[in-house]
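J.: okay, sequence plus prediction incoming.
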Amino acid sequence: VEKAHPQVLQSLMGILDTGLYSDNRQTGDYRHAAIVMTSNLLSEPALDELSATELRRRVTLAFARASIGPELVGRLELVPFREFAPLELEQLAQQELVQMATMWQVQFGFSLQLTAGSARAVVADSAVAGQGARPVKARVEALWRELTTQLAENVAQRPVQAELRLRRGQLEWAISWDHA
């Protein structure tokens with residue numbers, strides 16, 4: 001929000017005041033809309049521990065420095081960003097891997113086994129502080145491409161089972177082929 005043009009902020013004030021926005025040609029009704037804005041003005045890891053009053057004070061000061069008036073800050077519900085904990089990222093990676101295994105079963109007709117530690121290894125391979133879940137999802141997508149490439153290279157053989165396993169701290173594929 002701090003990068004918004006002053007005219008955009010002025011229009012936003014009108015929407016937050018009346019729930020309506022009008023230009024020369026038409027009027028928009030925002031009375032039942034949720035407006036989500038993001039800001040990097042207060043990207044500190046310790047924000048989770050602040051009281052609501054202290055958070056609002058810091059945001060007001062930061063917005064004032066960025067030439068955003070307190071009348072706008074007063075109309076906002078502040079929700080600080082909290083990074084995923086490692087266990088949350090691991091759970092997310094596990095969900096993505098299970099979804100990939102399900103798609104594998106549907107598309108190729110055989111199972112993809114996930115060994116213990118697979119999700120943890122995906123997170124270790126991909127997690128970047130402050131980037132949230134995107135790198136984890138991207139790593140699972142890369143694993144899907146690796147596996148389908150390996151299948152394409154051995155298209156004459158019939159796969160029986162695939163396994164994503166953790167070996168010496170590294171993720172690796174093991175595909176069993178039917179050589180009949």
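T.: On my side now, so go ahead.

J.: do a quick rundown of the strands in the protein.
T.: Applying DSSP state E to the chain gives strands spanning 20-22, 27-29, 112-114, 158-167, 170-178.

J.: the first one pairs with which strands?
T.: Spelled out, that is strand 20-22. strand 27-29 (antiparallel) (DSSP bridges).

J.: mean confidence for the strand it pairs with?
T.: Taken as a whole, strand 27-29 has a mean pLDDT of 91.

J.: give me the contact list for that strand.
T.: Identification of contacts with strand 27-29 by C-beta atoms under 8 Å, 6 or more residues apart in numbering yields Gly19, Leu20, Tyr21, Ser22. (Each C-beta comes from the backbone N, C-alpha and C, glycine too.)

J.: wait, the third one sits on Gln10?
T.: Right, Tyr21. No: with contact defined as C-beta atoms under 8 Å, Tyr21 and Gln10 do not form a contacting pair (10.8 Å).

J.: neighbours around the residue lying closest to Val1 once chain neighbours are set aside, how many?
T.: Closest residue in space to Val1, ignoring its immediate chain neighbours: Met37 at 4.3 Å, by C-beta to C-beta, 6 or more residues apart in numbering. A count of neighbours around Met37, defined by other C-beta atoms under 10 Å, yields 10.

J.: how close does Met37 get to Pro70?
T.: Distance of Met37 to Pro70, given as C-beta to C-beta, to the nearest Å: 16 Å.

J.: who's in contact with Val98?
T.: Shown in contact with Val98 (C-beta under 8 Å, 6+ apart): Leu114.

J.: recalculate using a threshold of 10 Å.
T.: Applying C-beta atoms under 10 Å, 6 or more residues apart in numbering to Val98 gives the contacts Leu112, Leu114, Ala119.

J.: tabulate those residues in JSON lines, adding columns for pLDDT and neighbour count.
T.: Converted to JSON lines, the contacts of Val98 look like this (pLDDT from 0 to 100; neighbours: other C-beta atoms under 10 Å):
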{"residue": "Leu112", "pLDDT": "75", "neighbour count": "23"}
{"residue": "Leu114", "pLDDT": "78", "neighbour count": "19"}
{"residue": "Ala119", "pLDDT": "85", "neighbour count": "23"}
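
J.: could I get the contacts of strand 27-29 as a markdown table with distance to Val140?
T.: Formatted as a markdown table, these follow (distance: C-beta to C-beta, whole Å):
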| residue | distance to Val140 |
| --- | --- |
| Gly19 | 41 |
| Leu20 | 44 |
| Tyr21 | 40 |
| Ser22 | 46 |
